[in-house]
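> Next input, structure requested:
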Amino acid sequence: MKQPVFLLWQFGMTMQLFLLLACCEKTPFSGYIFQLIVDNGIVKVTMSIPEGYVIGISYNGIDNILNTQDKEQDRGYLDVNWNNIPSKGSKYERVYGTKFSTIIENKNVVEVSFLRTWKSTMSDANVPLNIDIRYIFRRGDSGFYSYAIFDRPKGLPPAEVDQIRIVFKLREERFKYMAIANHRQRNMPTKRDRETGQPLAYPEAVLLTNPSDPKFKGEVDDKYQYSSENIDNCVHGWIDVDSDAPMGFWMITPSNEFRNGGPIKQDLTSHVGPFTLSMFVSTHYAGKEVTMAFKEGETYNKVFGPVFVYLNSASSTKQSLSLWSDAVQQKSKEVEKWPYDFPHSKDFFPSNQRGTVMGRLQVNDRAMKEVKGANNAYVGLALPGDAGSWQRESKGYQFWTRADPLGNFAIKNIVPGNYNLYAWVPGFIGDYKYNATITIKPGEVISFKDFVYNLPRNGPTLWEIGIPDRSAAEFYVPDCYPNLMNKLYQGQPKEKFRQYGLWSRYTDLYPKQDLVYTIGVNNFTKDWFYAQVPRNVGKNTYLPTTWQIIFEHQHDIFHGNYMLQLALACAAEAELEVRFNNPNVDRPHFSTGIIGGDNAIARHGIHGLHRLFSISVPSGHFVKGKNIIYLKQTQTKNPWQGVMYDYIRLESPSTK
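As a prediction, the model looks like this:
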């Protein structure tokens, strides 16, 4: 039987390296398992050598808060989903180091490295990247930091990377209360409850039929119901609420700069297991459009993290829920410290090596009488690309901020490199891009005067449906089925879209005839269903749906081209055809083609990737009086194929 050999750093002693040989009597150490233990007096962490798996975390008198029922490599780790190019199907890899080294160790900090260097002799089971998993332990911290350096030197084969994440699996008998936001927290069902439940339309969704706690019976549990947008996904985790000495386990992400897809991309947080995740890259709510695709020989380097694993405790059961507010306060402290000054990697840029971009964004809409400040605009830097390309970008860093009411903004702590400046403004359609590359040098402050975003506009607005905010949240989201409810969202109208099975409510509401919306009569908050999906006619058979927009053109038809501004908040393997005043014309007047793979309808997201189609409509397609626009979603292989609308506007021909 293999015996463990421990390497120990213990803060408060000499910070020297101790090799404990109490359990071995011979050298060399073949046949022995090496483990690293770092103890800063508050938290003690045990890791495997050279793999870098987190085997145990001791805190508050508990020997190990990780799930000891799992194998040692299944408790705390970094993993990757990837495939070869051309794709041979998705592969899962739990990354492990093959070389352990100490980066720095002194009386205040220890940083260790678990490096996996890719070699041509490796099998197809290993993604062609050099991956360095790092852990940082500091004196006085109630937790530890983790980050990963991904590097591709010249000469590596092509690959696609779909997902990168850190995973921690906690002891289920202790951690039963999950918190991901002020209004999204409660006691949770167990992993066993899911295993004994009824699988629903896809594996992640389970109806709890025989839970250990009867109060969960009849509920749906699905990890995607606990997703958050990157901008909000800063702290989440679990609380041991039943103990006399409660404790919390939290994942704190102080910056979104290393995550993919920009500030409003959605991703997983914590979920039943109990699991706590740090998602760096994924295709969730976006699809393969955001995969990291590397060409033959393409070089690459990026630091993911550091993120902070934070542990806290309370003196009594009555104070257990205060651990959430304490974690939120700790998150604020971590954000203030960003970028950290303690990682000892040349690839991580401290604040004095980063730059700043300042300026003011204004919006110019020909429907307005003046140029105005872009109030509350999202303004950011990402790798060069087309306008809006940031939401599909996964390789580089992204840096975002919100403008003030006058459109003033300051983007700080930018990693040196070449970027485009992008923006969009809630309440207005379209994406802005500054048509020049901005080069950031270490320590440089770049100040611009004014950027002016000339909004997409053909002519005056005849009518509009919705609010241009990249979400379908303002439309009608139905009540969920009472027997398919997640009670976490009961009584929370703004979170109704997170319930399971809402797509099926369309057939309930429109069993034979599709949605008809009359301008000036209907209200989009009540009469426009949040997603255009197929109609279920039974026996796993679905039919296309055609929605109608009816409007009166009270005046003579204007000569020229009208413009239909059609903004989609989501597209899931859909095709949207648009016809004007003739639903039976064989060839649609406009078609999106097959678009989207964001799966946001099935995964309880109120948006996925945003798309804007500016459709020019010759005046001959309209008549004075009653007009009908037909929107047909043609794809019917499954109940989740469809679109969510963000905003629709019809503009008359230009008055220039």
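> buried set for the helix or strand hosting residue 194?
Using DSSP states H and E, residue 194 falls within helix 191-195. For helix 191-195, a neighbour-count test (16 or more other CB atoms under 10 Å) marks 191, 193-194 as buried. Every residue, glycine included, has its C-beta placed from N, CA and C.
> next one: stretch 389-407
389-401, 403, 407.
> rewinding a little: alpha carbons of the helix holding residue 194, in CSV - could you do that?
The C-alpha trace of helix 191-195 is given here as CSV (Å, rounded to 0.1, in the frame of the first residue of the first chain):
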residue,chain,number,x,y,z
LYS,A,191,-27.3,15.1,-4.6
ARG,A,192,-29.2,11.9,-3.5
ASP,A,193,-32.5,13.8,-3.9
ARG,A,194,-31.5,14.3,-7.6
GLU,A,195,-30.4,10.7,-8.1
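> can I get the buried residues of helix 191-195 in a markdown table with pLDDT?
Below are the buried residues of helix 191-195 laid out as a markdown table (pLDDT from 0 to 100):
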| residue | pLDDT |
| --- | --- |
| 191 | 96 |
| 193 | 97 |
| 194 | 97 |
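> out of the residues you listed, which one sits closest to residue 414?
Checking the buried residues of helix 191-195 against residue 414 by CB to CB gives residue 191 as the nearest, at 41.9 Å.
> isn't that closest one right up against residue 272?
Yes. The pair residue 191 / residue 272 is scored as a contact, 6.0 Å apart, by CB atoms under 8 Å.
> quick one: residue 256 and residue 387, what's the gap?
21 Å (CB to CB, to the nearest Å).
> So between the two, which is more surrounded?
For residue 256 and residue 387, the more surrounded residue by other CB atoms under 10 Å is residue 256, and the numbers stand at 22 against 17.
> residues contacting the residue nearest to the more buried one when sequence neighbours are not counted?
Leaving aside its sequence neighbours, residue 256 sits nearest to residue 230 (CB to CB, 6 or more residues apart in numbering; 4.8 Å). Contact analysis of residue 230 by CB atoms under 8 Å, 6 or more residues apart in numbering lists 256, 259, 261-267.
> Just want the phi and psi numbers for residue 230.
For residue 230, the backbone dihedrals (degrees, to the nearest 10) come out as phi -50, psi -40.
> Model confidence score at it, please.
Looking at residue 230, its pLDDT reads 98.
> what stretches of this protein score poorly on pLDDT?
The chain contains residues with pLDDT under 70 at 1-6, 9, 11-31, 87-88, 656.
> buried stuff in the lengthiest helix in it?
Criterion DSSP state H: the longest helix present in the chain is helix 322-337. Within helix 322-337, the residues scored as buried using 16+ other CB under 10 Å are 322-324, 326-328, 330-331, 334.
> in terms of contact count, name the helices or strands touching that helix.
For helix 322-337, the packing partners by 3 or more CB pairs under 8 Å, 6 or more residues apart in numbering; DSSP states H and E come out as strand 235-239, strand 247-252, strand 300-313.
> tilt between that helix and strand 247-252?
Orientation check (axes from the mean of the first three to the mean of the last three CA atoms, to 10 degrees): helix 322-337 against strand 247-252 gives 30 degrees.
> Keeping just the C-alphas, turn helix 322-337 into CSV.
Written as CSV, here are the backbone C-alpha positions of helix 322-337 (Å, rounded to 0.1, in the frame of the first residue of the first chain):
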residue,chain,number,x,y,z
SER,A,322,-24.6,36.8,8.4
LEU,A,323,-21.8,34.9,6.7
TRP,A,324,-23.3,35.9,3.3
SER,A,325,-23.1,39.6,4.1
ASP,A,326,-19.5,39.1,5.3
ALA,A,327,-18.6,37.3,2.1
VAL,A,328,-20.1,40.3,0.1
GLN,A,329,-17.9,42.6,2.1
GLN,A,330,-14.9,40.5,1.5
LYS,A,331,-15.7,40.6,-2.2
SER,A,332,-15.6,44.4,-2.1
LYS,A,333,-12.2,44.2,-0.4
GLU,A,334,-10.9,41.9,-3.1
VAL,A,335,-12.2,44.2,-5.8
GLU,A,336,-10.4,47.2,-4.2
LYS,A,337,-7.1,45.2,-4.2
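> can you give me how far it is from the chain middle?
21 Å (CA atoms, centre = their mean, to the nearest Å).
> same thing with stretch 391-399?
12 Å.
> and if you look at stretch 114-131?
Centroid separation between stretch 114-131 and its chain, computed with CA atoms, centre = their mean, is 26 Å.
> Could you list the buried residues of it?
In stretch 114-131, counting by 16+ other CB under 10 Å, buried: 114-116, 118, 126-131.
> Now distance to residue 154 and secondary structure too, for these, in a markdown table please.
As requested, these are arranged in a markdown table below (distance: CB to CB, whole Å; DSSP: H, G, I helix; E, B strand; the rest coil):
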| residue | distance to residue 154 | secondary structure |
| --- | --- | --- |
| 114 | 24 | strand |
| 115 | 18 | strand |
| 116 | 18 | strand |
| 118 | 12 | coil |
| 126 | 18 | coil |
| 127 | 17 | coil |
| 128 | 12 | coil |
| 129 | 13 | coil |
| 130 | 12 | strand |
| 131 | 17 | strand |
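> on that earlier part again, looking at the buried residues of stretch 389-407, spot the one nearest residue 510.
Relative to residue 510, the closest of these is residue 391; by CB to CB it sits at 31.1 Å.
> wait, the closest one sits on residue 261?
Yes. Look at residue 391 against residue 261 with CB under 8 Å: they come within range, at 5.8 Å.
> okay, and the common contacts of the two?
Each of 286, 290 lies in contact with both residue 391 and residue 261 under the rule CB under 8 Å, 6+ apart.
> give the contact list for residue 478.
Going by CB under 8 Å, 6+ apart, residue 478 touches 496, 502, 505, 508-509, 529-530.
> Might you report the residue contacts of residue 233?
253, 256, 267, 269, 279.
> Which element, helix or strand, includes it?
Assigned by DSSP H and E, residue 233 falls within no helix or strand.
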